[in-house]
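**Q** predicted model, plus sequence, below.
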Amino acid sequence: MFDQLKDKFQSVFDGLSKKGALSEKDVEAALREVRMALLEADVALPVAREFIASIKDKAIGATAIKSVRPDQQVIKIVHDGLVELLGGDAAPLTIDVAPPAVILMAGLQGSGKTTTAGKLALRLKTRYKKNVMVASLDMTRPAAREQLRLLGEQAEVGILTEADNETPIQLARRALQVAKLKAHDVLILDTAGRLSIDAELMAELKQIKQETNPHEVLLVADALTGQDAVNTAQAFHEEIGVTGIVLTRMDGDSRGGAALSMRHVTGQPIKFVGVGEKQDALEEFVPDRLAGRILDMGDVVALVEKAAAAIEEEEAMRMAKRMASGKFDMNDFLNQLRQLQKMGGLGGILGMLPGIGKMQKQLNAAGIDDSLLKRQEAIILSMTKKERVSVGLLNASRRKRIAAGSGTSVQEVNKVVKQYQEMAKMMKRMGSKAGAAGLKAMMGGLGGGGMPAAGGMPQMDAEAMQKMASQLPPGMGGQQMLGKGLPGLGGLPGLGGLPSRGGKSKRKK
Amino acid sequence: MSWFSKLTDGLKKSSSKMSASLTSLFTSKTLDAASLEELEDALIEADMGPKTAMAIAEELAAMKFDKESSQEAWRIALGQILVTRLTDVAQPLAIREDQSPHVILLVGVNGSGKTTTAGKLASHFKSQGKTVMLAAGDTFRAAATEQLQGWGQRTDTEVVTGQEGSDSAAVAYQAMQRATDAGIDVLIIDTAGRLQNRSELMDELAKIHRVIGKYDESAPHDSVIVLDGTVGQNALSQTKAFSEVAQLTGMIITKLDGSAKGGVVLALAEEFGLPVHMVGVGEQVDDLQSFTAQEFAAALVGVPQEALTQDQA
């Protein structure tokens, strides 16, 4: 991560500014502030200490960015380090297995296990079209079983009816049988919690785990947890082997440092965050957002990003010039696709625009995600150099070869070519008067030509695209739009964690 | 089991950890920079937060000890620093005899233990021979009213309830009337849990507070935040936000028997100076106990409480 960042800085800085390096003194001073911030965010002390030590090693000697104070730059490096640490090894839930996929929920009492089990059931059912069953193995708290039953009914998923005299193990066994018999894709097992970790709880969980062989063991933890988060996570992980973490109550104003602690000691990814009482208030985890929240220095991070952007603008200008001259080949098209990806993909850009965040869900549901951009990129990369410059060469057999090479279909190749042609036409037309209209057309082109969900984006296609287009400045040189184009980003409430330039460095593509 | 031993038990994890680092520290006459930092770390790990931990560590560093002074002496000195910081905030929940009823409003985030605390408080005051009434102001959480009614039955206390989803300010008002008419000594009003950054819910709480004040200007006589002892530094944000809408007069800290570190009490004392009325150290009715500085400090640093009480004279 850091190397990437450094490389990027280096390349854009070469010839633009005198190179300086961050000194040990600079770094140490800034890291003292960072330590305070982490501890106030309830990051466990050993974790904070280790993290800071690793950052220190990386930051000393890093190339200094012109017009930014060294301490500010260190904070940006810390932020990126946090994003990396929080987001590494992200993996979707293992649910596509021979049914039933078993998900075991574990955690302390009051952490939100049962609520999360219900939310997860709803999500897997609606989002992933899975046939889900929930079963409560909590024989100590009748209210918990009742709660899960209600949640299951609301989500309209299968519910295991419990008998009062069964042990949790017997229940688990029966849940598995019933799930198999009724051909459920996913079985979610809710377990009993305790106020603190005790041997009895762990023994029971272990036995349940042995009995059911779960594909996922999700540790549910309250985002408000203090320094103890690290012990809780460690204990659960050592005893039952956690595969992922769900952080609840992230709708509060807690800084959420517990997440970092738990991520650190278990080495397992944070999969979801609970953000409210409603049953659909479960979101995918966004590392960048949480990093911003833990560090709570979003303004500084944004500042550094802006400084780096100002320099990158130079390059963007070059690109814009080339376009203005009407030259546009597949290589340029590829560049644009990559810019889009850097900005977090189409969904990412839309998500950053005021008022569109809410539509993110619809975007996801419509399948508009990075994989589309990735496929388009693969198609272009499967073309020869000649083909990329002279698209006219692409006859049927070449297209077939490209489709095979990129693992796509000829139809998809055709779409990319068509999209390219539309855009090239537009470029020519635009000539020197590059303007917002061009971008709008580009976006429209993407939406109409390449998107599988053409016109199928609920309630938003034309209107939202237009809105988005109108907010993006001219030129289409991706970096330039990033530098200036998204007004108020970073300052938006609740978006504190988003770098103002749209996560330029957050994606490793 | 006395509450001290329960508290000691609950805080054992943090205090034994602290004890360990303290043992290695307290072997010299004064604290050098490295041991000072270690001490600070131990305090941070007890959830005191970096600022309070730093302040306390520095206070201890300023003290001088004889060469031969044992690490026990250091430990007691640290305990005494904590006692000094906590003495002012350790104030029992005093019921005003001239009020009928004396109104206690319980507020806090979800899951901090308000309803359980309401039940335990009812039992506590009953055992003092007072007449008590409970008001189920949590009309939001489905099981809350039933839970409080359960406490009502167990403690033989009348519970004023409203419909699920009804206006909790109305329940509070109704309870004020009923308690006044019946000449009740103590009215305990439970409220729904709410995260402090949810402004519409905080507005609702402000309204409850206002409505109670409309019925009786001096009420609520106690506006108490119930804090989960396992929560970290967010307890500060909670206390601040609830102070603003419900004019807090004190706090009750629950779940100190769990994985709680307890140190957040010191951060709270430093930041707000609000009285800590009681602490919850277990699930039993009598596990809600008055908070005393000596007991708490002794449990936290791992010395017998007599060691801290003697020197207080």
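**A** Sure thing, it's come through.
**Q** how many residues are close by A:Thr94?
**A** 14 (other Cβ atoms under 10 Å in any protein chain shown). Bear in mind the C-beta positions are built from the backbone N, C-alpha and C, glycine included.
**Q** show me what contacts it?
**A** Residues in contact with A:Thr94 (Cβ atoms under 8 Å, 6 or more residues apart in numbering or on different chains) are A:101, A:215-216, A:243.
**Q** isn't there a helix covering A:Gln227?
**A** No - secondary structure of A:Gln227 (DSSP: H, G, I helix; E, B strand; the rest coil): coil, not part of a helix.
**Q** quick check: what element follows the lowest-mean-pLDDT helix or strand in chain B along the chain?
**A** One helix or strand of chain B scores below all others by mean pLDDT, DSSP states H and E: helix B:3-25, with a mean of 61. Helices and strands here follow DSSP states H and E; after helix B:3-25, the next one along the chain is helix B:33-45.
**Q** mind giving me the packing neighbours of that next one?
**A** Packing contacts for helix B:33-45, counted by 3 or more Cβ pairs under 8 Å, 6 or more residues apart in numbering or on different chains; DSSP states H and E, involve helix A:45-59, helix B:3-25, helix B:50-61.
**Q** tell me the one among the contacts of A:Thr94 nearest to chain B.
**A** A:Thr243 (22.3 Å; Cβ to the nearest Cβ).
**Q** OK, contacts around that closest one?
**A** A:Thr243 sits next to A:94, A:215-218, A:268 when contact means Cβ under 8 Å, 6+ apart.
**Q** can we see that at 10 Å?
**A** Going by Cβ atoms under 10 Å, 6 or more residues apart in numbering or on different chains, A:Thr243 touches A:91, A:93-94, A:103-104, A:214-219, A:237, A:266, A:268-269, A:271.
**Q** among these, the buried ones, what's the ChimeraX command?
**A** This is the ChimeraX syntax for the buried subset of those, where burial follows 16 or more other Cβ atoms under 10 Å in any protein chain shown:
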select /A:93,103,104,214,215,216,217,218,219,237,266,268,269,271
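**Q** between the contacts of A:Thr243, which is nearest chain B?
**A** A:Leu219 (14.0 Å).
**Q** how about the closest one: what's its closest non-neighbour residue?
**A** Once flanking residues are discounted, A:Leu219 sits nearest to A:Val242: 4.5 Å by Cβ to Cβ, 6 or more residues apart in numbering or on different chains.
**Q** again with A:Gly61
**A** Using Cβ to Cβ, 6+ apart, the closest residue to A:Gly61 is A:Ala21 (5.0 Å).
**Q** in this structure the one you found contacts A:Ile65, no?
**A** No - using Cβ atoms under 10 Å as the test, A:Ala21 is too far from A:Ile65 to be in contact (11.1 Å).
**Q** and the residue nearest to A:Leu219, which of the three is it?
**A** coil.
**Q** now it: how far from chain B?
**A** 17 Å (Cβ to the nearest Cβ, to the nearest Å).
**Q** rewinding a little: just give me the neighbour total for the residue nearest to A:Gly61.
**A** Residues lying near A:Ala21 (other Cβ under 10 Å) number 12.
**Q** swap in B:Asp98?
**A** By other Cβ under 10 Å, neighbour count at B:Asp98 equals 6.
**Q** quick check: phi and psi at it.
**A** Backbone torsions for B:Asp98, taken as degrees, to the nearest 10, come to phi -80, psi 0.
**Q** and for A:Met383?
**A** Recorded main-chain torsions at A:Met383 are phi -90, psi 150, according to degrees, to the nearest 10.
**Q** leaving out the residues flanking it, which one is nearest to it?
**A** Nearest non-adjacent residue to A:Met383, counting by Cβ to Cβ, 6+ apart: A:Ile402, 5.8 Å away.
**Q** follow-up on the earlier one: looking at the contacts of A:Thr243, which is nearest A:Glu153?
**A** Of all those, A:Glu153 sits closest to A:Ile103, with 19.0 Å by Cβ to Cβ.
**Q** ok, back up a step: could you give the number of residues near the residue nearest to A:Leu219?
**A** 23.
**Q** got it, and B:Ser168?
**A** Number of residues near B:Ser168 (other Cβ under 10 Å) recorded here: 24.
**Q** report the separation between it and chain A.
**A** Separation of B:Ser168 from chain A (Cβ to the nearest Cβ): 16 Å.
**Q** low-confidence ranges in the stretch 1-150 of chain A?
**A** A:1-20, A:66 (pLDDT under 70).
**Q** show me the helices in it, by range?
**A** A:2-13, A:24-40, A:45-59, A:70-87, A:113-126, A:142-155 (DSSP state H, counting those that start in this stretch).
**Q** adding distance to B:Phe242 and mean neighbour count, write those helices out as a markdown table.
**A** As requested, the helices of the stretch 1-150 of chain A are exported to a markdown table (distance: least, Cβ to Cβ, whole Å; neighbours: other Cβ atoms under 10 Å in any protein chain shown):
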| stretch | distance to B:Phe242 | mean neighbour count |
| --- | --- | --- |
| helix A:2-13 | 41 | 15 |
| helix A:24-40 | 19 | 19 |
| helix A:45-59 | 28 | 19 |
| helix A:70-87 | 30 | 24 |
| helix A:113-126 | 23 | 24 |
| helix A:142-155 | 26 | 18 |
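**Q** cheers, nothing more for now.
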